[in-house]
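Q: Generate a structure from the sequence data that follows.
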Amino acid sequence: YTFENVRSAHTIEASFTAASTFADVPAGSYYERAVIWAAANGITNGVGNGLLGVDAPCTRAQAVTFLWRAAGSPAPEISAMPFTDVPVGSYYYDAVLWAVENGITNGTAPGLFSPAQTCTRAQIVTFLYRDLAAEWEDYET
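A: Purely as a prediction, here's the structure:
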């Protein structure tokens, strides 16, 4: 803002609130703050065109990538991809390697990760448990 010809004292107040960067995230929705946090922390950038895809299914590749990004996108220490269906250069390649080396995923069948398959609730809970179990074990002792 530019103020010109101000001839007496004024008080100017501004307030700021975080706003969702996605058009399909309604203000006040139960997930709005979580989405704002995830976007601000680089965990998700949505599905494109300013949309999160709130009602779209989550793939196994996306779920593992969310966990990997939440962990800070660490470089995997292993380099041999055990799955034939994870192409080199895919956005989820390093995330899958990281998940394998941390015991988060074993794939869906020998040699397969099934990245485009919808991640079931059971799979996502298992990924979360395997990712966070060590922290809980440390907490409990």
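Q: which residue sits closest to residue 116, ignoring its sequence neighbours?
A: Spatial nearest neighbour of residue 116, chain neighbours left out: residue 59 (5.5 Å); criterion: CB to CB, 6 or more residues apart in numbering. All C-beta atoms are positioned from the backbone trio N, CA, C, and that covers glycine.
Q: beta partners for the one you found?
A: residue 118 (DSSP bridges).
Q: the helices in this protein, which residues?
A: Applying DSSP state H to the chain gives helices spanning 32-40, 60-70, 93-101, 121-140.
Q: wait, which of the ones you listed is closest to residue 4?
A: helix 32-40 (35.1 Å; CB to CB).
Q: What is the distance between that closest one and the centre of its chain?
A: Helix 32-40 has its C-alpha centroid displaced from the chain centroid by 10 Å (CA atoms, centre = their mean, to the nearest Å).
Q: so it versus helix 60-70, what angle?
A: Interaxial angle, helix 32-40 versus helix 60-70 (axes from the mean of the first three to the mean of the last three CA atoms, to 10 degrees): 80 degrees.
Q: Low-confidence bits of this structure, can you list those?
A: The chain contains residues with pLDDT under 70 at 1, 15-20, 134-141.
Q: thinking again about what came up before, list the contacts for the residue nearest to residue 116?
A: The contact partners of residue 59, by CB atoms under 8 Å, 6 or more residues apart in numbering, come to 115-119.
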